[in-house]
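**Student:** Kindly return the folded structure for what I paste below:
(2 chains)
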Amino acid sequence: AQTVTQSQPEMSVQEAETVTLSCTYDTSENNYYLFWYKQPPSRQMILVIRQEAYKQQNATENRFSVNFQKAAKSFSLKISDSQLGDTAMYFCAFMKPIVIQGAQKLVFGQGTRLTINP
Amino acid sequence: KAGVTQTPRYLIKTRGQQVTLSCSPISGHRSVSWYQQTPGQGLQFLFEYFSETQRNKGNFPGRFSGRQFSNSRSEMNVSTLELGDSALYLCASSLDGTGILNTEAFFGQGTRLTVV
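**Tutor:** Numbers count the residues shown, from 1 in each chain, chains lettered A, B, ... in the order given. Now for the predicted structure:
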């Protein structure tokens, strides 16, 4: 079974700083998907960034980027020029790919509570 | 395009009662998954439905059940409620084709269930 570990329960940085959230996972699969989700106080989970394991290039979405180390099974999220609106819980998640319309199942880490201070 | 809609947003129930939660996926999405979120256990997968069939189920007791209708709307039911069932229940929908873009899960705002 896959497991996802986020070792930082809470983090706090000043606005405009760069912050990196850690995530490690355990799987015997060779191909899979990794995600970072954001959950603000409104509770709605919002996809921040996605990465396919067979792609060596790290994914980037505006101020958000990942450092994907497949051999180390590490998938960290970097937020550059942090903003007050980035304050939220951040969850790392793993999914096995659907090959022939298989079942959807996200395995989540425990989350990191990120606070951006003015 | 409307997002994933979950109703009701809040529920308070008494131990022993049963409850039904509803989820309307994004139009065109055929897969609906349910997750339970608690402070202690985090986010845990309950089950997933596709074309009215349950394709995958998490490690929850039989008191937790669900179904999906022909319009892809889904309901989950919890019978004989226990205090430990108090949680945020999240529903997610996806296209469920192949490739990472079609498997992206879009979440609703959840239903906060409190069992007293």
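**Student:** Pick out the residue of chain B closest to chain A.
**Tutor:** In chain B, the residue that lies nearest chain A is B:Asn56 (3.4 Å; C-beta to the nearest C-beta). Heads up, the C-betas are built off the backbone N, CA and C, glycines and all.
**Student:** Spit out the contact partners of that residue.
**Tutor:** A:Ala103, A:Gln104, A:Lys105, B:Phe45, B:Phe47, B:Glu48 (C-beta atoms under 8 Å, 6 or more residues apart in numbering or on different chains).
**Student:** Next step: the residues you listed restricted to strands.
**Tutor:** Mapping those onto strands (DSSP state E) picks out B:Phe45, B:Phe47, B:Glu48.
**Student:** residues contacting the first one?
**Tutor:** The neighbours of B:Phe45, taking C-beta under 8 Å, 6+ apart as the test, are A:Lys105, A:Leu106, A:Val107, B:Ser33, B:Trp34, B:Tyr35, B:Asn56, B:Gly58.
**Student:** Which residues does the fifth one form beta bridges with?
**Tutor:** Here B:Trp34 shows beta-bridge partners B:Phe47, B:Cys91, assigned using DSSP bridges.
**Student:** Tell me the helices and strands packed up against the helix or strand hosting A:Leu77.
**Tutor:** Using DSSP states H and E, the element containing A:Leu77 is strand A:74-79. Judged by 3 or more C-beta pairs under 8 Å, 6 or more residues apart in numbering or on different chains; DSSP states H and E, strand A:74-79 is in contact with strand A:19-21, strand A:24-26, strand A:33-39, strand A:46-52, strand A:64-69, strand A:88-95.
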